[in-house]
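Q: No letters, just coordinates:
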């Protein structure tokens, strides 16, 4: 029995191209590692996300190289190659979605940005592959071939890719993230099975590799997940304090690390709903692990949850002489471990916490912090119930961010006079230049770090300030 040709006489087994595609993929991943190491996590310099235009340019050049590395004598050869590039991009996208990240000196949150663009590239080439093949069939008068089972499988795979792309658009994704996540998980498997039936046998290696990555992800999640009881204490109408037994975590972990909580894995639903990342508000030597959680649709209760982590963040307090911590809402969780560790090491630290209502500051009764300046952005008699449905929406990767997150949190007028007490309270939103004017020393800019945790708009403002003043920057944020 001979080789079944998915597209009639137009398909020619091209083992040389497959070989170069795999070689190219390996070199690209190595280049990606170097790019991330140099641009995301340099030491004693800025830590920024790779700009989107850089990702687009780099990935576009890589795809053009992959498309033309092995010349084809006919146009349809390049059309067929677009399908293989789509599969190759899907493989890379799956690889980048590992949690925890497997690339050296990286962590999963920034890689999600790259995963997003790689996935869009896969969808683009899949759509172009199907569209151009349809045009070729139509021009040659063999349009009926499009309805052969193998080609219908290809159309179905392209359709599932498009569904993933559509639901991943920011307005849809952030309003219905659970729906997007479930579609994402199911559609990836359905698309790979359809591609396996549709593609030429020479492309099977890439499909196998993608499936192996998915199976490894499942295995890693099972092996690294522990089911433990958690205690939940309501702090305000929109903040909870979650306590996890200290024995559930390793003996040591890095400052800025986070845990991912989800339903226990023995529940089928747990595989179709996302896990939720929370910054650890404790130090390794503490008797318990505390998490400060913004209340959302994933409402935590006193029961058992599956936890993964701690997932490390590239932030070493000991590298700096001065640290400025800026947090919003439940991003407060970054302040206690950073300020406590900095004081233990004799490092100057200044912290600011931005909240909607003074009721949220009740968390200080459970996680004490000294020398923290608190900015309350609404009047003290503000009805907290109005903000209960996720004022900042900062706790869930790719989850709902409300209108308040789109507001600039660091660009308003001067705060009012502080009240009495060790902790200073202000009404309004802080202006960073005024807030740290007497703390920041330009001569020590290279040894100063700005650490931000909270809504995306806050971290962007803090990042801009750090860049303008030649300081290092660290962000603990889960939105994209």
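A: That came through fine. Quick caveat, the model's predicted, so the values are computed rather than measured.

Q: Strands of the stretch 351-480 of the chain, residue ranges please.
A: Applying DSSP state E, counting those that start in this stretch to the stretch 351-480 of the chain gives strands spanning 372-376, 424-427, 448-453, 472-476.

Q: Let me know which of those strands is tucked in deepest.
A: Mean neighbour count (mean count of other C-beta atoms under 10 Å) peaks for strand 448-453 among these, with a mean of 27. Just so you know, the C-beta spots here come from the backbone N, C-alpha and C atoms, and that holds for glycine as well.

Q: I'd like the mean pLDDT over that strand, please.
A: In this model, strand 448-453 has a mean pLDDT of 89.

Q: Number the residues from 88 up from this point.
A: Okay, using 88 as the starting number, the last item reads as strand 535-540.

Q: So what touches that strand?
A: The contact list for strand 535-540 (C-beta atoms under 8 Å, 6 or more residues apart in numbering) reads 343, 366, 402, 406-415, 418-422, 425, 527-528, 545-546, 549-550, 552-553, 556, 558-564.

Q: residue contacts, residue 366?
A: Taking C-beta under 8 Å, 6+ apart, we find residue 366 in contact with 343, 344, 345, 378, 379, 418, 420, 421, 540, 563.

Q: how close does the fourth one get to residue 369?
A: Looking back up the chat, that one is residue 378. Look at residue 378 and residue 369: by C-beta to C-beta, to the nearest Å, they are 9 Å apart.

Q: Same question for the second one.
A: From residue 344 over to residue 369 the distance is 10 Å, taken as C-beta to C-beta.

Q: Assumed residue 366 was part of a helix.
A: No. Per DSSP: H, G, I helix; E, B strand; the rest coil, residue 366 lies outside any helix segment and is strand.

Q: For it, name its beta-bridge partners.
A: residue 345 (DSSP bridges).

Q: Next one: it, what pLDDT does it get?
A: Residue 366 carries a pLDDT value of 90.

Q: cool, residue 559 as well?
A: On the pLDDT scale, residue 559 gets 88.

Q: I'd assumed residue 407 was in contact with it.
A: Yes. At 6.9 Å, residue 559 counts as touching residue 407 under the criterion of C-beta atoms under 8 Å.

Q: Test my guess that residue 217 contacts residue 246.
A: No. Using C-beta under 8 Å, residue 217 is not in contact with residue 246; the gap is 9.1 Å.

Q: For residue 427, give me its contacts.
A: residue 370.

Q: how would you label it: helix, strand or coil?
A: Assignment for residue 427 (three-state DSSP): helix.

Q: gap between it and residue 459?
A: From residue 427 to residue 459 the distance is 11 Å (C-beta to C-beta).

Q: likewise residue 557?
A: In terms of C-beta to C-beta, residue 557 sits 25 Å off from residue 459.

Q: Please apply the same query to residue 374.
A: For residue 374 relative to residue 459 (C-beta to C-beta), the value is 22 Å.

Q: can you check residue 317 too?
A: 25 Å.

Q: which stretches of this structure aren't confidently modelled?
A: Along the chain, the parts satisfying pLDDT under 70 run over 88-160, 190-197, 401, 466-510, 512-515, 564-567.

Q: Break it down into its domains, please.
A: 95-310, 313-398, 404-563 (automatic domain parsing).

Q: all helices for the stretch 438-567 of the chain, in order.
A: 519-522, 543-555 (DSSP state H, counting those that start in this stretch).

Q: again, but for the chain
A: Using DSSP state H, the helices of the chain run over residues 102-126, 139-155, 162-183, 195-226, 236-254, 257-260, 264-285, 291-311, 422-431, 519-522, 543-555.

Q: want to throw those into CSV with distance to residue 532?
A: Shown next, in CSV, are those (distance: least, C-beta to C-beta, whole Å):
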stretch, distance to residue 532
helix 102-126, 20
helix 139-155, 25
helix 162-183, 33
helix 195-226, 23
helix 236-254, 42
helix 257-260, 34
helix 264-285, 38
helix 291-311, 39
helix 422-431, 17
helix 519-522, 14
helix 543-555, 9
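
Q: Out of those, flag the one nearest residue 322.
A: Proximity of these to residue 322 was assessed by C-beta to C-beta; the nearest stretch is helix 422-431, lying at 14.3 Å.

Q: Distance from the closest one to the middle of the chain?
A: 25 Å (C-alpha atoms, centre = their mean, to the nearest Å).

Q: what comes up buried for stretch 262-280?
A: For stretch 262-280, burial by neighbour count (16 or more other C-beta atoms under 10 Å) applies to 264, 267, 268, 269, 270, 271, 274, 275, 278, 279, 280.

Q: okay but the fourth one is in contact with residue 359, surely?
A: This points to residue 269. Yes. At 4.5 Å, residue 269 counts as touching residue 359 under the criterion of C-beta under 8 Å.

Q: excluding its backbone neighbours, what's nearest residue 300?
A: Sequence neighbours aside, residue 181 is the residue nearest to residue 300 in space, at 4.5 Å (criterion: C-beta to C-beta, 6 or more residues apart in numbering).

Q: Measure how buried residue 405 is and give me the count.
A: Counted with other C-beta atoms under 10 Å, the neighbours of residue 405 add up to 10.

Q: quick one: contacts for it?
A: Contacts of residue 405 (C-beta under 8 Å, 6+ apart): 432, 434.

Q: Please report the distance of the spatially closest residue to residue 404 that is not a sequence neighbour from residue 392.
A: Counting by C-beta to C-beta, 6+ apart, residue 428 is the residue found nearest to residue 404 once chain neighbours are left out, at 4.9 Å. Distance of residue 428 to residue 392, given as C-beta to C-beta: 27 Å.

Q: what do you get for residue 532?
A: From residue 532 to residue 392 the distance is 42 Å (C-beta to C-beta).

Q: Looking at the two, which is more packed in?
A: A count of neighbours by other C-beta under 10 Å puts residue 392 above the other of residue 532 and residue 392, at 23 against 14.

Q: Just confirm the more buried one contacts residue 347, I think it does.
A: No. The criterion here is C-beta under 8 Å, and residue 392 misses it with residue 347 at 9.9 Å.

Q: Give me the common contacts of the two.
A: What both residue 392 and residue 347 touch, as defined by C-beta under 8 Å, 6+ apart, is an empty set.

Q: Contact partners for residue 432?
A: 404, 405.

Q: Among the contacts of strand 535-540, name the buried ones.
A: Judged by 16+ other C-beta under 10 Å, buried ones among the contacts of strand 535-540: 343, 366, 402, 407, 409-415, 418-422, 425, 527, 545-546, 549-550, 552-553, 556, 558-564.

Q: Flag every buried residue along stretch 296-303.
A: For stretch 296-303, the neighbour count (16+ other C-beta under 10 Å) marks 296, 297, 298, 300, 301 as buried.
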